[in-house]
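Student: structural data only, the sequence is not supplied:
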Ligand SMILES: Cc1cc2nc3c(=O)[nH]c(=O)nc-3n(C[C@H](O)[C@H](O)[C@H](O)COP(=O)(O)OP(=O)(O)OC[C@H]3O[C@@H](n4cnc5c(N)ncnc54)[C@H](O)[C@@H]3O)c2cc1C
């Protein structure tokens, strides 16, 4: 690892000033659990690292029934997993965080880091996409908002411009049942071979709203819009559930890598989407 | 009161849980410098030139050593085929070749770890790449690229067994089962990656403090490479963070010694320290051998196995390491512990540009047992016979003539372990022979709703494993015991070089020394883990340490007591135990007396398979192991459970991928070892104690044995669950789904 400078700005202004727009070798970081590995392995050569940890604007968890959930980018995975309101109102998000990494890593790793690192397998992306979450992004020049669905551009690439900071994630008030499923060869401490999140709102046995988000099966976490369309405004049956699962498998574009072949990943999407839809449907029929 | 059979608390427990115990990486010496080893980074090439000028120009670089600095540039436990450092300038023929990615090219010593790493990057190595040989089947062909141009072939060892008339037996057989098995490489993944210090001790000896398995072998390898007499080299083993065979061969030892010694010659007398990263460890040390085993067995319709014809091919990787012995075990064990009158085995150890293969718990046994036991289970299916019944009909006994045309040492208890395990797993022996009743309490029933994509099954397998290297290897173990006191023995001092690699050897040494001298354990002091002042006690491997050390301690104890009775004060005696002689395979027939002792084991495994995702979940394991005498039952249980956990990784999860000689899984994030959630929910250890005739107090070795039947038992259980035989593992979810034809 090359030597680098380290900064811990205490205000947003300072943080902004530390990265200029044509600066390619300075990086913000939060928990450091992704960036550290990249530095050590030489994938990344930084001249300076800027810690975001002292910025109060990036902290806080706030839930209001009418406005939903506001999560500072520095929210740790452990907080996502353990905060009661999140667990109660957004179980898929809390479960996804709880299935990531280890207790130690979860205490360091942040929500913002998981999203900004933009791994196709980032586990928090599918639940946030399914929940319709929105990112607030700031820079010296102002603030703008982007749905998480549109946040990712490719592996390791997001809409963030040089010098922009992801400030906050807002999640709309809970609307329907949610679920997250992660598929890994190992039971725990493993990176998703595929993962899925679904949000389903049923009214009188009819699918009113459905969002299906898929992870690790395309350059970016994506929505299975065709599968969603297959189910919209209908009652669920084992037939349309299976069909939607097949469509989801077709609309992703996985690759072969050390964790699994494309064919296997597609197959797992089909299985998990079918299982996820059936299970949510069962929850509704119980009520 | 005898202390044997008591679960004495581990003598190393307190220090290890409090963190007081120092592993080599924890030790720092005043004024130490830091070392880094430059790996080749490519699988097959000739090094044309090495330019170290830029590295040496760095201020804080103390020295860079290359092949030309190694007086006798070679090592290897069985064949000295491995250069200490690859590159031009040494006398070793073809030492300028690199043959795998982890071949060591340069040793850098610097004032800090960071500078040493920077210097490595500044070393300019000019390579001329050679064709990469990564498939052992290709490597065996006559026109294959030779890894060692001075050898005729890439096949560096072959064994052959020929007994009876195999073809005639096949012609007369009622059923024949034929399969090609492939077993995977495995990484030891011990807790502590290689680390250590090299320095010149107060007596001027070149000293290395590392985690190893056999201090005297390491001493010998260092002395040979540096051209020094043995007594000018010293090897110390501080606490050892696991080994499993992975420290049987050299890794950093010779480089540390070389650096300390060469620096001293330049008038620099400083300790040198190195700690390998996990990635360096994974690339830098050998792996379990991948095997291809083609196996054809025949039997009569009554379940009498009459013939076995087996071809065994071991991917030895770039250097021979312990392959010759590992292949010997597989050659013997690929026909199982069964009475088979007609046997033909042809086995080959082959060089490739993969990471060298070497010692790993079981030492060729697991691969042999996988093929043998899966053949047994397939035969049982073909015959419509219960797998336990088939085993009992063919089980080797004291008078059974094995493939080597010799009997096993007296006291064969395979039938006993099979019986105990089978009974615990719900079998019974009725008029129709061994059968499992439908209402068996094992495995535990599922309560609540069962999902229809979850299928359950059970499997059974048995195995035998030799204690010690043997096949003619001159096994020995030395001990010295001092008895101090006047009218009664007040203090016993045991000197022993046997390594405690984390398995608890030193705790049982203490128990055995107390027993041998007839005193309570608190009167025993031990001087251990240092080659200085001690003779060879052999390696902590091959399930031999308690057996061999026990015999040496017992012998030294008896001799010391004799002197004590003759009024010598203190009474001091040394003893070197040599087990009964063994012989290597005869060249064409394999006739031999290969081993002096064996351990026997049987396992039953229950699994659950998700037929939609391919997940295999191991629910429950019953292991019956004849250990002869359990010196410390808790440690025996620990070894059984540990072996099951390690074998479950081997069978299901651990997928070591090499492509064209490049390691694709050099991190623990892609090479997945089991977590606590992946291991079987329950392991029932059944400890049997049928004494071994030559074992100390009846002890048999036991630590590898529970590993052997595990993979074939799981394969049988998965077959029982989903109807598919897998001849290749690990059973990753993807492989299982492919087996089911789902992708
Ligand atoms: C052992 C281990 C296991 C893991 N398991 C999982 C897993 O199961 N699932 C999973 O998805 N991930 C896993 N990870 C990856 C990682 O822990 C997560 O992605 C984590 O959430 C990253 O957060 P961080 O705060 O540590 O990121 P950092 O390393 O601090 O940052 C990551 C990237 O995001 C940028 N960044 C961070 N915060 C901001 C911000 N607010 N604004 C702009 N840019 C920002 C940084 O510049 C950097 O490029 C694992 C990692 C390890 C080491």
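Tutor: On my side now, so go ahead. This one's a predicted model, so the numbers in the text were calculated from it and none came from an experiment.

Student: what sits against the closest residue to residue B:350 other than its chain neighbours?
Tutor: Of all residues beyond its chain neighbours, the one nearest residue B:350 is residue B:136 (4.3 Å), with distances taken as C-beta to C-beta, 6 or more residues apart in numbering or on different chains. In this view, the C-beta of every residue, glycine as well, is placed from N, C-alpha and C. Residues in contact with residue B:136, defined by C-beta atoms under 8 Å, 6 or more residues apart in numbering or on different chains, are B:290, B:292, B:313, B:314, B:315, B:316, B:350, B:352.

Student: the third one and residue B:352 touch, don't they?
Tutor: No. Here residue B:313 lies out of contact with residue B:352, judged by C-beta atoms under 8 Å, at a distance of 10.7 Å.

Student: show me which of those two is the more surrounded one.
Tutor: residue B:352 (30 against 25; other C-beta atoms under 10 Å in any protein chain shown).

Student: most centrally placed residue in the chain?
Tutor: No chain was given, so I picked chain A. Chain A has residue A:125 as the residue nearest its centroid, 1.7 Å off, counting by C-alpha atoms, centre = their mean.

Student: and it, how far from residue A:119?
Tutor: As for residue A:125, its distance to residue A:119 is 9 Å (criterion: C-beta to C-beta, to the nearest Å).

Student: burial count for the nearest residue to residue B:113 once chain neighbours are set aside?
Tutor: Once its chain neighbours are removed from consideration, residue B:113 has its nearest residue in residue B:34; the separation is 4.9 Å (C-beta to C-beta, 6+ apart). Using other C-beta under 10 Å as the criterion, residue B:34 is surrounded by 20 other residues.

Student: looks to me like residue B:34 is in a strand.
Tutor: Yes. Counting by DSSP: H, G, I helix; E, B strand; the rest coil, residue B:34 is part of a strand.

Student: that one: what's it in contact with?
Tutor: In this structure, residue B:34 makes contact with B:109, B:110, B:111, B:112, B:113, B:115, B:116, B:272, B:273, B:274, judged by C-beta under 8 Å, 6+ apart.

Student: likewise residue B:421?
Tutor: With contacts defined as C-beta under 8 Å, 6+ apart, the neighbours of residue B:421 are B:460, B:462, B:602, B:603, B:604, B:622, B:623, B:624, B:686.

Student: for the fifth one, grab phi and psi.
Tutor: Backbone geometry at residue B:604, expressed as degrees, to the nearest 10, gives phi -120, psi 140.

Student: list the beta-bridge partners for it.
Tutor: Taking DSSP bridges, one obtains residue B:460, residue B:622 as the residues bridged to residue B:604.

Student: on that earlier part again, over to the residue nearest to residue B:350: give its phi and psi.
Tutor: Residue B:136 has phi and psi values of phi -60, psi -30 when expressed as degrees, to the nearest 10.

Student: quick one: it and chain A, what's the gap?
Tutor: Summarising the geometry, the distance separating residue B:136 from chain A, computed by C-beta to the nearest C-beta, to the nearest Å, is 22 Å.

Student: hang on, the earlier thing: pull out the buried residues from the contacts of residue B:34.
Tutor: For these, a burial check counting by 16 or more other C-beta atoms under 10 Å in any protein chain shown picks out B:109, B:110, B:115, B:116, B:272, B:273, B:274.

Student: in helices, which of these appear?
Tutor: Among these, the subset assigned to helices under DSSP state H consists of B:115, B:116.

Student: name the SS class of residue 189, please.
Tutor: Picking chain A for this. Taking three-state DSSP as the rule, one finds residue A:189 in the coil state.

Student: just give me the neighbour total for it.
Tutor: Applying other C-beta under 10 Å, we find 19 residues neighbouring residue A:189.

Student: and it, how far is that from chain B?
Tutor: Relative to chain B, residue A:189 is positioned 5 Å away (criterion: C-beta to the nearest C-beta).

Student: that residue contacts residue A:101, doesn't it?
Tutor: Yes. Contact between residue A:189 and residue A:101 holds when scored by C-beta under 8 Å: they sit 6.7 Å apart.

Student: endpoints of stretch B:122-132, how far apart?
Tutor: Distance between the two ends of stretch B:122-132: 26 Å, counting by C-alpha to C-alpha, to the nearest Å.

Student: distance from that stretch to the middle of the chain?
Tutor: Taking C-alpha atoms, centre = their mean, to the nearest Å, one finds stretch B:122-132 lying 32 Å from the centre of the chain it belongs to.

Student: same check on stretch B:178-196?
Tutor: On C-alpha atoms, centre = their mean, the centre of stretch B:178-196 falls 9 Å from the chain's centre.

Student: just the helices in the stretch 51-200 of chain A please.
Tutor: Using DSSP state H, counting those that start in this stretch, the helices of the stretch 51-200 of chain A run over residues A:77-82, A:84-89, A:91-98, A:103-108, A:111-117, A:125-130.

Student: and the second one, what does it pack onto?
Tutor: Contact here means 3 or more C-beta pairs under 8 Å, 6 or more residues apart in numbering or on different chains; DSSP states H and E; on that basis helix A:84-89 packs against strand A:61-64, strand A:68-72, helix A:77-82, helix A:91-98.

Student: same question for the third one.
Tutor: Contacts of helix A:91-98 with other secondary structure elements, assessed using 3+ C-beta pairs under 8 Å, 6+ apart, are made with helix A:77-82, helix A:84-89, helix A:125-130, strand A:177-183, strand A:194-203.

Student: just those: most buried one?
Tutor: Across those, the average number of neighbours (mean count of other C-beta atoms under 10 Å in any protein chain shown) peaks for helix A:125-130, which reaches a mean of 29.

Student: can you name the element that comes right after the helix or strand hosting residue B:620?
Tutor: For residue B:620, the enclosing helix or strand under DSSP states H and E is strand B:616-626. Next along the chain after strand B:616-626, taking DSSP H and E as the criterion, comes helix B:633-648.

Student: buried residues in that next one?
Tutor: B:635-648.

Student: ok, then the element right after that helix?
Tutor: Beyond helix B:633-648 on the C-terminal side, the first helix or strand identified by DSSP H and E is strand B:658-659.

Student: given that next one, what are its sheet partners and their directions?
Tutor: Strand partners for strand B:658-659, identified by DSSP bridges, are recorded as strand B:662-663 (antiparallel).

Student: for the strand it pairs with, the distance to its chain's centre please.
Tutor: In this view, strand B:662-663 has its centroid 22 Å away from the chain centroid, taken as C-alpha atoms, centre = their mean.

Student: and the contacts of it?
Tutor: With contact meaning C-beta under 8 Å, 6+ apart, strand B:662-663 is reached by B:43, B:101, B:282, B:283, B:355, B:656, B:657.

Student: my guess is the third one meets residue B:669, correct?
Tutor: Just to be clear, that refers to residue B:282. No. Taking contacts as C-beta under 8 Å, residue B:282 lies outside contact range of residue B:669: 11.4 Å.

Student: between the two, tell me which one has more neighbours.
Tutor: A direct count of neighbours by other C-beta under 10 Å for residue B:282 and residue B:669 places residue B:282 higher, at 23 against 14.

Student: next SSE after the helix or strand hosting the more buried one?
Tutor: Assignment of secondary structure by DSSP H and E places residue B:282 within helix B:278-284. Sequence-wise, the next helix or strand downstream of helix B:278-284 (DSSP H and E) is strand B:291-299.

Student: touching that next one from outside, list them.
Tutor: B:136-137, B:169-170, B:172-183, B:305-315, B:330, B:334, B:340, B:367-368, B:370-372, B:375, B:379, B:383.

Student: now do the longest helix anywhere in chain A: which elements does it pack against?
Tutor: In chain A, assigned by DSSP H, the helix with the most residues is helix A:262-286. When contacts are defined as 3+ C-beta pairs under 8 Å, 6+ apart, helix A:262-286 packs onto strand A:177-183, strand A:194-203, strand A:206-215, helix A:238-251, helix B:733-739.

Student: can you lay out the ones you listed as TSV showing distance to residue B:652?
Tutor: Listed next are those as TSV, based on distance: least, C-beta to C-beta, whole Å:
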stretch	distance to residue B:652
strand A:177-183	15
strand A:194-203	19
strand A:206-215	24
helix A:238-251	25
helix B:733-739	9
